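[1] Predicted model and sequence follow; I will ask about them next.
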Amino acid sequence: MRILSGIQPSGVLHIGNYFGMMRAAIALQAEGEAFYFVADYHALTSLQNPKAMRENSHRVALDFLACGLDPDRAALFRQSDVPQVTELAWILGTVTPFSRLELAHSYKDKVARGVAASAGLFTYPVLMAADILIYDSDVVPVGKDQKQHIEITRDIATRINETFGEVFKLPEPRIQSSTETVPGLDGQKMSKSYGNTIDIFGEEKETRKRIMSIVTDSTPVEAPKNPDTSSIVQLYSLFATEAEVAAMKKRFVAGGTGYGDFKKQLFSALWDYFAPMRARRAEILAEPSYVDEVLARGAERANAIADRVMSRVRAAVGL
Ligand code: ADP
Ligand code: TRP
């Protein structure tokens, strides 16, 4: 089984990325041949600063490794180190109906949030399809918001197969059922572009400050609170056992505890949860060339497969 996923270096990784995608990707590396990449071509649709691009790409790789990605099992690489993927994207674009892309909600969402409506942003799902199909991927672990992109990928692969014969495998999404969308500080989806994130490796003081700023209603300390609508409870349940979550919910309902106390409890659960990963990150940082070496090795493995698949594609379409 080949597993593939990508994450954009458009900012710093946050706990929504971790629970929505990274945790599953890391768990899956034991089950097959995993390929994970830093989607820098994709990030160009929103990040047009070469220094930030280089730094973020490096940091995303570092953070992914610190969270448990094992480079002896999974290949970790930069998307742009396999430039053939843009050739495949062109070929796939020639069978992709314009109308299919017009229906993609991610494009509309991003434009609504102020990302420039470039042709690149519009055809983003075609490049994503190429990312997936160029490695003959079986399984793609992603958060719920990426599901439509996998459906588009399957559509495009089917069109190619119908037109040119069996060229591609149809990939399956692996959506994290235990993790619905992780809420941000304001209760909206946590996202790099909303400024509402809790970063996986934020500084202690900053992380505490951010958690203390989670938006709540103005129920007074003494009054009972509703645990079912609280993002504090929702976030806490990512880090705590069922019994711990049940205990927090009980204290919500009982009244007499302010939101500040619950936030402190959330902070310490989160801080403890990521402690081993922070330790691993410090070890990696002590070895300055480690990340680059991992990326170079990953690129080599990725290129070997991409070259094979591209020969097959070129032959199939007559190039
Ligand atoms: P962002 O919205 O912060 O830019 P990306 O779009 O780069 O995040 O997403 C990277 C991966 O993390 C995707 O698989 C996405 O589904 C997942 N993800 C991002 N934010 C969340 C969230 N708040 N909850 C669950 N999964 C998320
Ligand atoms: N579009 C994904 C995101 O924004 C990143 C991505 C690019 C990806 N190519 C991919 C994810 C291929 C899975 C497979 O999160």
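    Cool, the structure landed. Numbering: from 1, shown residues only. Ligands and ions are numbered 1, 2, ... in the order given.
[2] On the three-state scheme, the residue sitting furthest away from the middle of the chain is what?
    In the chain, Glu222 marks the outermost C-alpha relative to the chain mean, sitting 39.5 Å out by C-alpha atoms, centre = their mean. Three-state assignment for Glu222 (DSSP: H, G, I helix; E, B strand; the rest coil): coil.
[3] State the mean pLDDT of the strand or helix carrying Glu162.
    Using DSSP states H and E, Glu162 maps to helix 147-164. Averaged across helix 147-164, the pLDDT comes to 97.
[4] Mind giving me the packing neighbours of that helix?
    With contacts taken as 3 or more C-beta pairs under 8 Å, 6 or more residues apart in numbering; DSSP states H and E, helix 147-164 sits against helix 84-93, helix 98-102, helix 105-112, helix 124-133, strand 139-142, strand 172-175, helix 290-317. Yep, even glycine has a C-beta here, placed from its N, CA and C like the rest.
[5] Does ligand 1 have contacts with it?
    No - Helix 147-164 lies out of reach of ligand 1 by C-beta under 6 Å from any ligand atom, never closer than 8.6 Å.
[6] Stretch 185-204 now?
    Yes - against ligand 1, stretch 185-204 shows contacts by C-beta under 6 Å from any ligand atom at 189-193.
[7] sorry, back to before: output the helix holding Glu162 as PDB, nothing but the C-alphas.
    This file holds the C-alpha atoms of helix 147-164, laid out as PDB (Å, rounded to 0.1, in the frame of the first residue of the first chain):
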ATOM      1  CA  LYS A 147     -12.100  15.500   0.600                       C
ATOM      2  CA  GLN A 148     -13.500  17.300  -2.400                       C
ATOM      3  CA  HIS A 149      -9.900  17.500  -3.900                       C
ATOM      4  CA  ILE A 150      -9.600  13.700  -3.700                       C
ATOM      5  CA  GLU A 151     -12.900  13.300  -5.400                       C
ATOM      6  CA  ILE A 152     -11.700  15.600  -8.200                       C
ATOM      7  CA  THR A 153      -8.500  13.500  -8.400                       C
ATOM      8  CA  ARG A 154     -10.500  10.300  -8.800                       C
ATOM      9  CA  ASP A 155     -12.600  12.000 -11.500                       C
ATOM     10  CA  ILE A 156      -9.600  13.100 -13.400                       C
ATOM     11  CA  ALA A 157      -7.900   9.700 -13.100                       C
ATOM     12  CA  THR A 158     -11.100   8.100 -14.400                       C
ATOM     13  CA  ARG A 159     -11.200  10.400 -17.400                       C
ATOM     14  CA  ILE A 160      -7.600   9.600 -18.300                       C
ATOM     15  CA  ASN A 161      -8.300   5.900 -18.000                       C
ATOM     16  CA  GLU A 162     -11.400   6.100 -20.100                       C
ATOM     17  CA  THR A 163      -9.600   8.100 -22.800                       C
ATOM     18  CA  PHE A 164      -6.100   6.500 -22.800                       C
END
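[8] Outline the domain layout of the chain.
    Following automatic domain parsing, one gets these domains for the chain: 2-182+289-317, 202-273.
[9] winner for burial among the ones you listed?
    domain 2-182+289-317 (a mean of 18; mean count of other C-beta atoms under 10 Å).
[10] Is that one in proximity to ligand 2?
    Yes - using C-beta under 6 Å from any ligand atom, a contact is recorded between domain 2-182+289-317 and ligand 2, made by 4-8, 39, 42, 128, 131-132, 140, 142, 146, 149.
[11] just those residues now: which is nearest Leu28?
    Ser5 (8.6 Å; C-beta to C-beta).
[12] So the closest one is in contact with Val142, correct?
    Yes - between Ser5 and Val142 there is a contact at 6.0 Å, judged by C-beta atoms under 8 Å.
[13] Of all the helices and strands packed on helix 147-164, which one is nearest Pro71?
    The nearest among these, by C-beta to C-beta, is helix 290-317 at 4.4 Å.
[14] now that closest one and helix 84-93, what's the angle there?
    40 degrees (axes from the mean of the first three to the mean of the last three C-alpha atoms, to 10 degrees).
[15] Specify the beta-bridge partners of Leu76.
    In this entry, Leu76 is beta-bridged to Tyr36, by DSSP bridges.
[16] Contacts only, for it.
    Going by C-beta atoms under 8 Å, 6 or more residues apart in numbering, Leu76 touches 36-38, 61, 64-65, 69, 294-295, 298.
[17] was I right about Ala24 contacting Arg174?
    Yes - with contacts defined as C-beta under 8 Å, Ala24 counts as touching Arg174 at a distance of 6.4 Å.
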